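Chemist: no sequence on this one, just coordinates:
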């Protein structure tokens, strides 16, 4: 099992998909968290705790509004995570069990807080290898602003609540540079796969 590390908007999800390839499977914790956030039980808790302002017109969670609430208040963030993280961990465990049953050749974990929450889920410790995706801060901020609509400085504010990137890089077994475009990134991943899984 491979785990992917890196900063926000560094290209972790793309690298995870490239590492998995057609024969592998990516376990995407962000996607699972979105599904859990929109589940009936969590939506009920959101309404009770934060009010209708965090519910969008389509009945799902209003993620930008909710993010502003919880990232401004560590206690609120911890409370929200206490609802979501156990359910996400349960889904990850189910997907891992299914992947083992099916004999999936490569399982890649795309889990944002893989190292930070390892004490709770043990996923980083269970990985055979950790891969760090390195990208320039200015480019990562540009991507976050373009794709997520974040204001300037939001990326740095959120990363301040996580393990420092240099510490994540030090924990990694391999580093993939994402600085020269998609073609070069794909070439770097192919070289790494050739090293890890020689034919």
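Modeler: Ah, there it is. Every value quoted in this text rests on a predicted model; they were computed, and no experiment measured them.

Chemist: And the residue nearest to residue 116 when sequence neighbours are not counted, its phi and psi?
Modeler: Leaving aside its chain neighbours, residue 116 sits nearest to residue 163 (5.3 Å; criterion: CB to CB, 6 or more residues apart in numbering). C-beta coordinates here come from the backbone N, C-alpha and C atoms, glycine included. For residue 163, the backbone dihedrals (degrees, to the nearest 10) come out as phi -60, psi 140.

Chemist: Then residue 172?
Modeler: phi -70, psi 150.

Chemist: Which residues does the spatially closest residue to it that is not a sequence neighbour form beta bridges with?
Modeler: Leaving aside its chain neighbours, residue 172 sits nearest to residue 132 (3.6 Å; criterion: CB to CB, 6+ apart). With DSSP bridges as the criterion, residue 132 is bridged to residue 5, residue 175.

Chemist: Report the separation between residue 132 and residue 103.
Modeler: 28 Å (CB to CB, to the nearest Å).

Chemist: cool, residue 90 as well?
Modeler: Distance from residue 90 to residue 103, by CB to CB: 23 Å.

Chemist: Pick out whichever of the two has more residues nearby.
Modeler: Neighbours per residue (other CB atoms under 10 Å) separate residue 90 from residue 103, with residue 90 holding more: 12 against 6.

Chemist: The closest residue in space to residue 37 that isn't next to it in sequence - how many residues pack around it?
Modeler: Among residues not flanking residue 37 along the chain, residue 61 sits closest, at 4.7 Å (CB to CB, 6+ apart). By other CB under 10 Å, the residues close to residue 61 number 22.
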